[in-house]
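1. Give me coordinates for this.
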Amino acid sequence: MGTEKCQKRVLVVEDNELNRKIAAQVIEDEGILTECAIDGLEAVKKVREAPEHYFDLILMDVQMPGLNGYQAAEQIRGLGRCDTSAVPILAMTALRSRWIWTFYMKSWSSGLLKCSDI
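-> Now for the predicted structure:
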């Protein structure tokens, strides 16, 4: 009967190669599929080109060159698909400042993960 299990998929967005590999490995060790993007532009492209509900979670670095995590999150939310308005986006950052909460409340619906939380 139902031996198939629902496979979850996470998009890891991180410009630092070592951090990206570590994050992906930790997630994969839990039996979750991962895909990676090296910056915000690639993240938006991957989400735009994926079928709806393809990603169950987006783990996004905040500070990246080019399109940063805030901008990428806003563009993903603005894609106009039912999944992109609801997919959880968790921000990864080592920053500790008040202004980050302003952006969090504005663009990020799901959470803020600081390095000290891991």
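2. What is the burial count for residue 91?
-> By other CB atoms under 10 Å, 24 other residues sit near residue 91. No exception for glycine: its C-beta is placed from N, CA and C like everyone else's.
3. Does it lie in a helix or a strand, and which?
-> In the assignment (DSSP states H and E), residue 91 maps to strand 89-93.
4. distance of the nearest residue to residue 72 once chain neighbours are set aside from residue 7?
-> Ranked by CB to CB, 6 or more residues apart in numbering and with sequence neighbours excluded, the top spatial neighbour of residue 72 is residue 40, at 3.1 Å. Look at residue 40 and residue 7: by CB to CB, to the nearest Å, they are 26 Å apart.
5. Which one's more surrounded, these two?
-> More neighbours surround residue 40 than the other of residue 40 and residue 7, with 26 against 9 (other CB under 10 Å).
6. Who are the contact partners of that one?
-> Residue 40 makes contact with 13, 60, 64, 66-69, 71-72, 75 under the criterion CB atoms under 8 Å, 6 or more residues apart in numbering.
7. Mind jotting down where the helices sit in the chain?
-> For the chain, applying DSSP state H gives helices covering 17-28, 40-49, 69-77, 98-107.
8. Return the residues in contact with residue 71.
-> residue 40.
9. right, and residue 43 touches residue 58 too?
-> Yes. Residue 43 is within contact range of residue 58, at 7.0 Å (criterion: CB atoms under 8 Å).
10. how about the closest residue to residue 52 other than its chain neighbours, phi and psi?
-> Nearest residue to residue 52, sequence neighbours excluded (CB to CB, 6+ apart): residue 83, at 4.6 Å. Residue 83 adopts backbone torsions of phi -80, psi -30, taken as degrees, to the nearest 10.
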